[in-house]
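> Need a 3D model of the sequence below.
(one chain, ligands or ions: 1)
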Amino acid sequence: MNYFDYRDNRLFCEEVSVEEIAREAGTPFYLYSHRTLKQHFQVFDAAFGEIPHMICYAVKANSNTAILRLFAREGGGVDLVSGGELYRALKAGVEPGKIVYSGVGKRDDEIDFALKTGILMFNVESDQELRTINERAATMGVRAGIALRVNPDVDPQTHPHISTGLKENKFGIDVEGALVSYRNAVALSSLDIKGVSCHIGSQVTKVSPFIDALERLKDLIRRLREEGIAIRYLDLGGGLGIAYDRETPPHPDEYARAIIDASKDLDCTFIFEPGRVIVGNAGILVTRVLYTKANDGKRFIIVDAGMNDLIRPSLYGAFHQIRPVVRRGGEEIMADVVGPICETGDFLARGRLLPDFRRGELMAVMSAGAYGFAMSSNYNSRPRVPEILVRDERWYVIRKRETCEDLTRGEEIPDFMNV
Ligand code: LLP
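Reported below is the predicted structural model:
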């Protein structure tokens, strides 16, 4: 469910016409629906109402501080993977006690920042990291909450680039290795063992891989408890998929039901780290057609957004629906939608049956709220596009369009080049 819909053949976000925003803000831009974001968060949260749980939104999916603030106001925490994300979360007002910190490569200064903040726990991905966190905490005279990120070796049946819970992936520690590390952790006096965590992959469209992972974690928790190691939190990560095209991912209610049913008497507080399922279908990328052409019969629609703005099609061959902002009917054509970047891989859609877009018309690239702006870059020296949030009949720029000065900020020409 989202709030992007046509009224009299014009695309609206909630009560605002997308065309009107484009007229004032220029193109391209990301557009998010406040109502959709809030509803997605609430639906996910409510699905777990029967069990003690925390929703730690995965900041990497969309890290705009206004969006983080929205979730913080709903009572959410966050899952981070860098000091930069921690900075954002704090700026947005997320409570430190609701922050978990994942990632295989935490730097010392990032660990220190998180320790100073007093986050709930680190999801630790190696024995060396465990020892490093212990040392940093000892130096600072604090105790670090930790969970080990277990690699449960289950196949999430998703795109290989975004599957993370297989043993050949770099993430986490295998179950037997984790047992050894937990025993090590007991002896490290500046650590406070809080839980077990995992994250099996992203855009997972079935419930079964999550349940397989959960079963392995339950077994590990049982073994740890037998050894007297208390486990209070079970972090199942994120990864629930969305419909970009014809996928039929489980509704959060179905996902939750299966998890709740599989975890009777576990006596843990669950943590979830959803990203895409909350923000993915709450955002679109709006772009304008610059030109159309046909090379030897192959048709191209050239738009003003490129792979630097939305890299998912180029990087993963990801599918995003393309819709006209103003529907005018007429014939459909088979075409590629491409951007202005000097790379063959710069496309937003390939071989699609699309309306016969004309120069100047607006196009909406759907389901772009997750890993859209967050993965954008300045490649080809293109200023990053603005992010706009609609709430009912008003819209707000939550990140300004970058300028050319922004592009060269921080660059310096050494003196020797000036003589
Ligand atoms: N927790 C951890 C530890 C993660 O690594 C991720 C995503 C999440 C939570 C959130 O997963 P989600 O609920 O959004 O699936 N750029 C790729 C997706 C990479 C996901 C990386 N980790 C894409 O555009 O599809």
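> Now do the contacts for Ser82.
Gly103, Glu110 (Cβ atoms under 8 Å, 6 or more residues apart in numbering). Any C-beta I mention is one placed from the backbone N, CA and C, and that applies to glycine too.
> Give me the pLDDT value at it.
Ser82 is assigned 98 on the pLDDT scale.
> Around the ligand, pick out the residues from the stretch 201-350 of the chain.
202-203, 237-240, 273-277, 312, 316 (Cβ under 6 Å from any ligand atom).
> these two touch, right, Ala282 and Ser33?
Yes - Ala282 lies in contact with Ser33 (Cβ atoms under 8 Å); the separation is 5.4 Å.
> related to what we said a few turns ago, now which of the residues of the stretch 201-350 of the chain next to the ligand would you call buried?
Listed as buried from those are Ser202, Gln203, Gly237, Gly238, Gly239, Leu240, Glu273, Pro274, Gly275, Arg276, Val277, Arg312; burial here means 16 or more other Cβ atoms under 10 Å.
> Among those, which lie within helices?
Within these, membership in helices is found for Arg276, Val277, Arg312, as judged by DSSP state H.
> After the biggest helix by length in the chain, which helix or strand is next?
What stands out as the longest helix in the chain, according to DSSP H, is helix 208-226. Scanning forward in sequence from helix 208-226 by DSSP states H and E, the next helix or strand is strand 233-235.
> any idea how far the nearest residue to Gly372 once chain neighbours are set aside is from Val142?
Nearest residue to Gly372, sequence neighbours excluded (Cβ to Cβ, 6 or more residues apart in numbering): Leu310, at 5.3 Å. From Leu310 across to Val142, the span is 41 Å (Cβ to Cβ, to the nearest Å).
> the more surrounded of those two?
Using other Cβ atoms under 10 Å as the criterion, Leu310 and Val142 rank with Leu310 on top: 26 against 14.
> tell me the contacts of the residue nearest to Arg328 when sequence neighbours are not counted?
Nearest residue to Arg328, sequence neighbours excluded (Cβ to Cβ, 6+ apart): Asn9, at 7.0 Å. The contact partners of Asn9, taken as Cβ under 8 Å, 6+ apart, are Val326, Arg327, Arg328.
> what about the helices in the protein?
Here the chain has its helices, by DSSP H, at 18-25, 34-47, 65-73, 83-91, 108-117, 127-140, 175-187, 208-226, 252-261, 276-279, 312-316, 404-408.
> okay if I get these as a markdown table plus distance to Tyr244?
Listed next are those as a markdown table, based on distance: least, Cβ to Cβ, whole Å:
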| stretch | distance to Tyr244 |
| --- | --- |
| helix 18-25 | 19 |
| helix 34-47 | 15 |
| helix 65-73 | 20 |
| helix 83-91 | 25 |
| helix 108-117 | 32 |
| helix 127-140 | 34 |
| helix 175-187 | 33 |
| helix 208-226 | 19 |
| helix 252-261 | 17 |
| helix 276-279 | 10 |
| helix 312-316 | 9 |
| helix 404-408 | 31 |
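> closest one to Ser102 among these?
Ser102 lies closest to helix 83-91 among those, at 10.0 Å (Cβ to Cβ).
> Tell me, how many residues neighbour the nearest residue to Arg257 once chain neighbours are set aside?
The shortest distance from Arg257 to any non-neighbouring residue, by Cβ to Cβ, 6+ apart, is to Ala47 (7.9 Å). Residues near Ala47, counting by other Cβ under 10 Å, number 20.
> residues contacting Asp235?
Cys56, Val100, Asn123, Ala147, Gly195, Val196, Ser197, Cys198, Phe270, Ile271, Phe272, Glu273.
> Repeat that for Ala230.
By Cβ under 8 Å, 6+ apart, Ala230 lies in contact with Ile193.
> Partner strands of the lowest-mean-pLDDT helix or strand in the chain, with direction?
Lowest on mean pLDDT, DSSP states H and E among the helices and strands of the chain sits strand 173-174, with a mean of 94. With DSSP bridges as the test, strand 173-174 is paired with strand 144-151 (parallel).
> how big is the angle separating the strand it pairs with from helix 175-187?
170 degrees (axes from the mean of the first three to the mean of the last three Cα atoms, to 10 degrees).
> and the chain, what are its domains?
Domain ranges of the chain: 4-32+280-407, 103-272, per automatic domain parsing.
> Kindly present those domains as a markdown table, with separate columns for distance to Ser82.
Shown next, in a markdown table, are the domains of the chain (distance: least, Cβ to Cβ, whole Å):
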| stretch | distance to Ser82 |
| --- | --- |
| domain 4-32+280-407 | 12 |
| domain 103-272 | 6 |
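> follow-up on the earlier one: which one of the ones in helices among the buried ones among the residues of the stretch 201-350 of the chain next to the ligand is nearest to Met366?
Nearest to Met366 among those is Arg312, at 11.8 Å by Cβ to Cβ.
> need the contact list for that closest one.
Counting by Cβ under 8 Å, 6+ apart, Arg312 has contacts Ala318, His320, Tyr371, Gly372, Met375.
> ok, now Glu254?
The contact partners of Glu254, taken as Cβ under 8 Å, 6+ apart, are Val207.
> State the pLDDT value of the residue nearest the centre of the chain.
Centroid-nearest residue in the chain, with Cα atoms, centre = their mean: Ala61, separated by 1.7 Å. pLDDT, Ala61: 98.
> That one is in contact with Gly283, isn't it?
No - in this structure, Ala61 is not within contact of Gly283 by Cβ under 8 Å, at 10.0 Å.
> hmm, stretch 68-86 touching the ligand?
Yes - counting by Cβ under 6 Å from any ligand atom, the ligand has neighbours in stretch 68-86: Asp79.
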